[in-house]
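In: pasted the sequence and its predicted model underneath.
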Amino acid sequence: MAFEEKRAWALAVISVVGYALYVVLVVNGAAGRPLVNAPYVTPMLWTIGLGVVAGIVSGIWFGIAARNDGLQADERDREIGRIADNIGQSFVVIGGVSAMALAMIEAPHFWIANVLYLCFVLSAVLGSLAKIALYQRGML
């Protein structure tokens, strides 16, 4: 398995686990109240921060392992990364447009922040899955 494919798996797992943890924290924090009134800022900041740190640590870990094995990124790795990033970025655009629409209808900040967070997570997961698929099935 290529170094970049391992990183893609790690990023997908980190993203899903981090977002699931966030949802659990917010739902538990609601304690029977409407979700809009649940404290969400602190759990969001912590899960995003921990996700970033976990992504960096896993990248360093797989980078050291790849270097020890004498592996280097080649042109194919860079092309797969570019294509997968373009695919994943679609959800960043969807999130931005959705947040703008929510702001225009003056939705609560809770929903605006959460649609952005969800779309960032979906972007990371979709980009990672695209990278994994390109490594396993090849490019056309």
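Out: Cool, the structure landed. Keep in mind the model is a prediction, meaning the values are calculated, not measured. Numbers count the residues shown, from 1 in each chain.

In: number of nearby residues for residue 76?
Out: 14 (other C-beta atoms under 10 Å). Where C-beta positions appear, they are placed from N, C-alpha and C, glycine not excepted.

In: give me phi/psi at it?
Out: Main-chain torsions, residue 76, degrees, to the nearest 10: phi -60, psi -40.

In: and the helix or strand containing residue 84, what's its mean pLDDT?
Out: If you go by DSSP states H and E, residue 84 is part of helix 75-104. Across helix 75-104, pLDDT averages out at 92.

In: ok, now stretch 42-56?
Out: Here the average pLDDT along stretch 42-56 is 96.

In: now for the helix or strand just after the helix holding residue 84, which elements pack on it?
Out: Following helix 75-104 in sequence order, the next helix or strand is helix 109-137 (DSSP H and E). Under the contact definition 3 or more C-beta pairs under 8 Å, 6 or more residues apart in numbering; DSSP states H and E, helix 109-137 sits against helix 3-30, helix 41-68, helix 75-104.
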